[in-house]
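1. What would the 3D arrangement of this be:
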Amino acid sequence: MATPRKSAQQLAAREKARAKAREMTERHERLIEMAAEFFEQQEQADQVRAEAQRKADAILARAETDAEAAVLGSARTVKAMLDSGAAKSDVAARLGLSGAEVKRLTEMVAAASETIDNVGDEVPNGAEESAEETA
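-> Sure, this is the predicted structure:
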């Protein structure tokens, strides 16, 4: 049997090298696509977390507002008990509070009343100007 010519061997080797290069290129392209998919999924996860954090912050802010309103309501109840003639020590004992806590709650009611009064006294921006223009 005759040995294949050197040029035929070189041609076969080149074809084999090209096939191997195509295979490696295709594998490389698949890996690039998978990496891109990975980064898209990571970005989506970050967006989901950010949205959840935003919602959680909004819920906590609403809860804090509601809790402050409830505390103010309890402070008004303490003030009403004091206004009805009950002694500060009696109110504190009845509610299981210290005298300092009773004082803090009554001061909270006074501060809230002052805030409401001050808001009612304010004149909206531009209202003074329009009142001057009509006069």
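2. which outside residues touch the helix or strand hosting Ala112?
-> Counting by DSSP states H and E, the element that carries Ala112 is helix 99-121. Outside helix 99-121, the residues that touch it by Cβ atoms under 8 Å, 6 or more residues apart in numbering are 71-72, 74-76, 78-79, 82, 88-89, 91-92, 95, 97. Placement of C-beta: from N, CA and C, glycine included.
3. what's the angle from the longest helix along the chain to helix 99-121?
-> Ranked by number of residues, the top helix in the chain under DSSP state H is helix 6-83. Counting by axes from the mean of the first three to the mean of the last three Cα atoms, to 10 degrees, helix 6-83 lies at 100 degrees to helix 99-121.
4. list the helices and strands helix 6-83 packs on?
-> helix 88-95, helix 99-121 (3 or more Cβ pairs under 8 Å, 6 or more residues apart in numbering; DSSP states H and E).
5. Which positions in the shortest one come out as buried?
-> I take that to be helix 88-95. Within helix 88-95, the residues that qualify as buried are Val91, Ala92, counting by 16 or more other Cβ atoms under 10 Å.
6. what about it, distance to the chain center?
-> 40 Å (Cα atoms, centre = their mean, to the nearest Å).
7. Put the alpha carbons of it into CSV.
-> Extracted C-alpha coordinates of helix 88-95, given in CSV (Å, rounded to 0.1, in the frame of the first residue of the first chain):
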residue,chain,number,x,y,z
LYS,A,88,-50.7,62.2,88.5
SER,A,89,-49.5,59.4,90.8
ASP,A,90,-52.9,57.7,90.6
VAL,A,91,-52.8,57.8,86.8
ALA,A,92,-49.3,56.5,86.8
ALA,A,93,-50.1,53.6,89.1
ARG,A,94,-53.4,52.8,87.2
LEU,A,95,-51.5,52.6,83.9
